[in-house]
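Asker: no sequence for this one, just the structure:
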């Protein structure tokens, strides 16, 4: 076990050299080796599928993509014949670290269930970086995740974007320069979370108990946030004393000025439409609806409003508002020209998001909706990158973007496909053929099957 632990520690320190020491420290130059993968099928993340292509990773970036790419001196050359290359998977809805596995009392930080408005909460402050789920997500080709608070609050708090790399602290995992998000929720869950009998008004003397109550609180908080933002701006302009700092309203004011993106748990089409109308009233934008079971009913509206939809391939019916789901949801949003995304919301499904995309792709094609595999891979890469505001950094195999890349042993839309090698910023963070690079969590050291055996 000592040998394995030393190997894992060496890998950990190798990755640290390519990551910022903290959120305020400039990222140092990467130490990643040059890697050329030859003669593979490439899904570029922008809708294209290319046969017999080469991809060169250099200096932590995608350096070249095409045929007959020259290998720099000293580069590692990998034969990609029969294999596939894709951008790394980006999951816009994860609770890894906050809902760490194994799930034990005292380790859960997904939701702060002490009030309906918890905009002051930051998801990153509850993340356990030793959660074994991070390593398993890496083995599934995931390179970037957004960690969100839960859906039990109308305003759940700030999200954080992380790179899926071995780390000692959450600061070491932060995607440098990525903006925070605000998790909001509509529908049944936030009202049920605080009142066991939501349709018996006043049972606990707490609001909300209904959907109408949800919207009343939204409007109340956005009105307060507008007043707070105005007061801060006026005090700054006049050089007078600003209002007392309010962390809840500060987060909402950051949404109003566009520096924080809204990611909203919402299932029903009519409710999503009402939220978009409310956003116009108060001058903010919804970046994405999450779960979006009925997105197909308003796919044209989502397209015209520029709002993404993060969806599952075939999970619905777990409550009344999720009853009207269909397997063609993703395909219909894609057909309308919208921003469709696959998300996990769970530490198990994040391990095979390529299969989730494959199911949604097949359901679309089998129903006569024309979607190519190249287009479908955007659901896992460039579309979520767009929703997180990092599309100019990652999400596609464009020269100059981060070398967040996965080499698959076969077509990733096959149920038999496995990620063979995973690169983050050009660093090899997972290699299925090298047991010395296998992630081992503190939670699992010494346990049978954990991977730390000699």
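Answerer: Yep, it's here. Just so we're clear, the structure is a prediction, and the values are computed from it rather than from any experiment.
Asker: could you list the low-pLDDT ranges of the stretch 51-200 of the chain?
Answerer: 192-200 (pLDDT under 70).
Asker: in the stretch 351-454 of the chain, which spans are helices?
Answerer: For the stretch 351-454 of the chain, the helices defined by DSSP state H, counting those that start in this stretch cover 353-366, 373-377, 382-388.
Asker: how about the ones you listed in CSV, adding mean neighbour count and mean pLDDT?
Answerer: Bear in mind the C-beta positions are built from the backbone N, C-alpha and C, glycine included. Output for the helices of the stretch 351-454 of the chain, formatted as CSV (neighbours: other Cβ atoms under 10 Å; pLDDT from 0 to 100):
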stretch, mean neighbour count, mean pLDDT
helix 353-366, 21, 98
helix 373-377, 22, 98
helix 382-388, 26, 98
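Asker: output those as TSV; include the columns distance to residue 218.
Answerer: Shown next, in TSV, are these (distance: least, Cβ to Cβ, whole Å):
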stretch	distance to residue 218
helix 353-366	30
helix 373-377	34
helix 382-388	21
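Asker: tell me which of the ones you listed lies nearest to residue 109.
Answerer: Minimum separation from residue 109 across the helices of the stretch 351-454 of the chain (Cβ to Cβ) falls at helix 382-388, 21.1 Å.
Asker: what helices or strands is that closest one leaning on?
Answerer: strand 89-94, strand 142-147, strand 261-266, strand 308-311, strand 340-342 (3 or more Cβ pairs under 8 Å, 6 or more residues apart in numbering; DSSP states H and E).
Asker: show me how far that helix is from its chain's centre.
Answerer: Counting by Cα atoms, centre = their mean, to the nearest Å, helix 382-388 is centred 9 Å from the centre of its parent chain.
Asker: now stretch 136-144
Answerer: Counting by Cα atoms, centre = their mean, stretch 136-144 is centred 11 Å from the centre of its parent chain.
Asker: go ahead and name everything in contact with that stretch.
Answerer: Applying Cβ atoms under 8 Å, 6 or more residues apart in numbering, the contact partners of stretch 136-144 are 86-91, 94, 96, 145, 161-165, 175, 347, 350-354, 384-385, 388, 390, 394, 404-406, 408, 412, 419, 422-424, 429-430, 432, 439.
Asker: what do you get if the cut-off is 7 Å, keeping everything else the same?
Answerer: For stretch 136-144, the surrounding residues in contact (Cβ atoms under 7 Å, 6 or more residues apart in numbering) are 88-91, 96, 145, 161, 163-164, 175, 350-354, 394, 404, 406, 419, 422, 424, 429-430, 439.
Asker: same deal with stretch 335-347?
Answerer: With Cβ under 7 Å, 6+ apart as the test, stretch 335-347 has contacts from 91-94, 96, 99, 101, 133, 290, 299-300, 302-303, 308-311, 313, 330, 333-334, 350, 353, 356-357, 360, 369, 379-380, 383-384, 386-387.
Asker: tell me the buried residues within those residues.
Answerer: Neighbour-count burial (16 or more other Cβ atoms under 10 Å) is assigned, among the contacts of stretch 335-347, to 91-94, 96, 99, 101, 133, 290, 299, 302-303, 308-311, 313, 330, 333-334, 350, 353, 356-357, 360, 379-380, 383-384, 386-387.
Asker: which of the contacts of stretch 136-144 are buried?
Answerer: 88-91, 96, 145, 161, 163-164, 175, 350-354, 394, 404, 406, 419, 422, 424, 429-430, 439.
Asker: now, those residues that are in strands?
Answerer: 89, 90, 91, 145, 161, 163, 406, 419, 422, 424, 429, 430 (DSSP state E).
Asker: between which two of these is the distance greatest?
Answerer: Pairwise distances across these peak at 20.8 Å for 161 and 419 (criterion: Cβ to Cβ).
Asker: any weak-confidence spans in the stretch 301-450 of the chain?
Answerer: The stretch 301-450 of the chain contains residues with pLDDT under 70 at 448-450.
Asker: try 90
Answerer: 318-319, 435-450 (pLDDT under 90).
Asker: returning to that earlier point: want to throw the helices and strands packed on helix 382-388 into JSON lines with distance to residue 244?
Answerer: Putting those into JSON lines (distance: least, Cβ to Cβ, whole Å) gives the following:
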{"stretch": "strand 89-94", "distance to residue 244": "34"}
{"stretch": "strand 142-147", "distance to residue 244": "30"}
{"stretch": "strand 261-266", "distance to residue 244": "25"}
{"stretch": "strand 308-311", "distance to residue 244": "36"}
{"stretch": "strand 340-342", "distance to residue 244": "39"}
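Asker: just so I know, which of these lies nearest residue 56?
Answerer: Nearest of the helices and strands packed on helix 382-388 (Cβ to Cβ): strand 142-147, 17.9 Å.
Asker: tell me the angle the closest one makes with helix 353-366.
Answerer: 90 degrees (axes from the mean of the first three to the mean of the last three Cα atoms, to 10 degrees).
Asker: partners of strand 142-147 in the sheet?
Answerer: Strand 142-147 sits in its sheet next to strand 89-94 (parallel), strand 155-163 (antiparallel), going by DSSP bridges.
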